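[1] I would like the atomic coordinates for the input below:
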Amino acid sequence: MLEKKELEISNEEFKKGATVYTDSDTPVKAAIIYFHGGGLLYGRRKDLPRPHLNTLTQAGYAIIAFDYPLAPAAKLEMIMNDVESSIQYYIDHSDELIKNSKSSEESLPYFLWGRSAGAYLCLIAAAKGTYTQAPAGILSYYGYGFLCDNWFKEPSRHYCTLPKVPESALCVIPEGIHADGDLDTHYSVYVYARQQGNWIDLFYEGREKFFYLDYTLRACDKLPCPLFCAHSTGDTDVPFSEFTELSNKYHAKRFIVSGTEHDFDRDTENPFTQKVLDETVAFIEKCLLNK
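    All right, here's what the predicted structure looks like:
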């Protein structure tokens with residue numbers, strides 16, 4: 001049976017929480033640290049569909065979904081620092097977070113999992129972060145590392161087909177640092193940013209060259225662990241070319257979906273959804289065998 005535990009995590013900047021999912025009938029073999037998507041501008045940690053939770057927890061993997069601060073109130077340096085602190089928090093408190101079937105002196109291996117912007121955060125955190133325990137693998141669902149030019153700083157062809165969103169959409173969201181970005185209030189800001197081609201300006205302040213050095217994978221030749229990548233061939237949000245570059249650069253295990261839906265696994269009736277979850281479990285098990 002699926003079990004859920006809510007946690008409050010001490011943070012001076014914003015109200016931060018985490019949710020731990022486990023299966024009461026299944027011993028835990030490893031942990032999956034999860035970060036949600038939303039272009040760094042919207043979304044919430046409790047966005048995982050039930051099939052995702054059931055498949056992974058019943059396979060023996062605890063899922064810990066962490067909050068992180070959202071742009072434009074928070075900029076990328078703060079967001080990344082928080083993500084990295086969440087990963088280290090798991091490492092330092094794994095026995096408190098999860099009923100570990102192993103010795104309390106032995107930490108469970110962990111994987112980083114993100115969807116879209118959450119995958120981007122996982123990739124940068126793995127590439128740049130220094131942790132007392134390295135991740136065993138990265139699960140990137142339609143993620144990116146800003147490896148291809150232009151798509152993220154020019155008006156999006158897809159979003160420009162939607163009704164035009166005015167700049168006043170920015171006035172609706174809170175000015176203070178926060179982690180919960182409701183679709184009704186925050187999604188329009190992402191559409192506005194992609195229509196205008198100024199998406200990066202909402203989450204990064206600084207010289208462009210340092211964005212490429214510090215917050216993309218362009219200068220990263222090797223990740224610290226194996227990578228699993230899933231993507232749609234006709235993705236209208238993050239281009240398939242970004243997936244190709246990412247997969248080729250880090251020799252990733254690939255899962256390719258024929259279609260145009262960005263977050264294809266949001267549709268739990270889509271046959272690709274269960275397939276990607278099954279492939280994810282197979283990837284995790286292979287990583288654990290090879291450790």
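[2] Where does the prediction get shaky in the stretch 1-150 of the chain?
    The stretch 1-150 of the chain contains residues with pLDDT under 70 at 100-106.
[3] and with 90 instead?
    95-96, 99-107, 129-130 (pLDDT under 90).
[4] Roughly how far does the nearest residue to residue 260 once chain neighbours are set aside sit from residue 48?
    Nearest residue to residue 260, sequence neighbours excluded (C-beta to C-beta, 6 or more residues apart in numbering): residue 234, at 3.7 Å. To be clear about C-beta, it is placed using only N, CA and C from the backbone, and glycine gets the same treatment. According to C-beta to C-beta, to the nearest Å, residue 234 stands 24 Å off from residue 48.
[5] Same check on residue 127?
    Counting by C-beta to C-beta - residue 127 and residue 48 are separated by 24 Å.
[6] just residue 214 next, same as before
    Distance from residue 214 to residue 48, by C-beta to C-beta: 29 Å.
[7] more crowded one of the two?
    Between residue 214 and residue 48, residue 48 has the larger neighbour count (other C-beta atoms under 10 Å), namely 18 against 15.
[8] so who does the more buried one touch?
    21, 34, 63, 65 (C-beta atoms under 8 Å, 6 or more residues apart in numbering).
[9] what about 10 Å?
    Taking C-beta atoms under 10 Å, 6 or more residues apart in numbering, we find residue 48 in contact with 19, 21, 34, 36, 56, 63, 65, 113, 115, 265.
[10] So which of those wins on neighbours?
    Result: residue 113 is most packed of the contacts of residue 48 (other C-beta under 10 Å), 29 neighbours.
[11] Might one say that it is in contact with residue 122?
    Yes - between residue 113 and residue 122 there is a contact under C-beta atoms under 10 Å: 6.8 Å.
[12] Distance check, residue 127 against residue 260.
    29 Å.
[13] which of these two has more neighbours?
    residue 127 (18 against 13).
[14] where do the strands sit along the stretch 101-250 of the chain?
    Ranges of strands in the stretch 101-250 of the chain, per DSSP state E, counting those that start in this stretch, are 110-115, 137-141, 227-232.
[15] Mind checking these for the one nearest to residue 73?
    strand 110-115 (20.4 Å; C-beta to C-beta).
[16] Which elements pack onto that closest one?
    Counting contacts by 3 or more C-beta pairs under 10 Å, 6 or more residues apart in numbering; DSSP states H and E, strand 110-115 is packed against strand 30-35, helix 50-58, strand 61-66, helix 76-97, helix 117-128, strand 137-141, strand 227-232, helix 271-290.
[17] how far does the second one sit from the chain's center?
    Using C-alpha atoms, centre = their mean, to the nearest Å, the distance from the centre of helix 50-58 to the centre of the chain it belongs to is 17 Å.
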